[in-house]
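[1] Fold the following for me, if possible:
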Amino acid sequence: MEYLRGSKAGKKVEQRISRGDELWTSVVTLTEVVSKYRREGVAEDTAIEAISSLSRIGIPDREDAIEAGRVHAQVKSGSPNFGLADSFVLRLARKVGATVLTGDPDFRGLAEAEFIGP
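    Below is the predicted model of the structure:
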């Protein structure tokens, strides 16, 4: 979302995109983006198209759901605001060997996360 907003954090994402790295987005994240845009009264078409064209969409299967539950239980014990959607993002990153670019403080300290927020 920060990339689409053109924010300072979004510029960091833009640098990653320009490197040509393979990008992944969890289908759960796509759902969150659509919901947020709708709640803000912003047309979500641009966001959906950008996410779909710039990244592969990770769709969880049964094993991903089980592992995301385990991840959620583990991380939430030290970070009470860590949500279920976050656990699917982290599961996908671990599965494909990716780094989570995030401004969400709940990801601070996780080896798979690169914090791009303020």
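[2] What about the residue nearest to Ala98 when sequence neighbours are not counted, how many residues nearby?
    Distances taken as Cβ to Cβ, 6 or more residues apart in numbering place Trp24 nearest to Ala98, at 5.4 Å, with adjacent residues excluded. Yep, even glycine has a C-beta here, placed from its N, CA and C like the rest. As a burial measure, Trp24 scores 19 neighbours (other Cβ atoms under 10 Å).
[3] what sits against Trp24?
    Ser55, Arg56, Ile57, Gly58, Leu92, Ala93, Val96, Ala98 (Cβ atoms under 8 Å, 6 or more residues apart in numbering).
[4] And the contacts of the helix ranked longest in the chain?
    Ranked by residue count under DSSP state H, the longest helix found in the chain is helix 62-76. The contact list for helix 62-76 (Cβ under 8 Å, 6+ apart) reads 58, 60, 82-84, 86-88, 90-92, 94-95, 106, 110.
[5] swap the cut-off to 10 Å and go again
    With contact meaning Cβ atoms under 10 Å, 6 or more residues apart in numbering, helix 62-76 is reached by 26, 28, 58, 60-61, 82-95, 106-107, 109-110.
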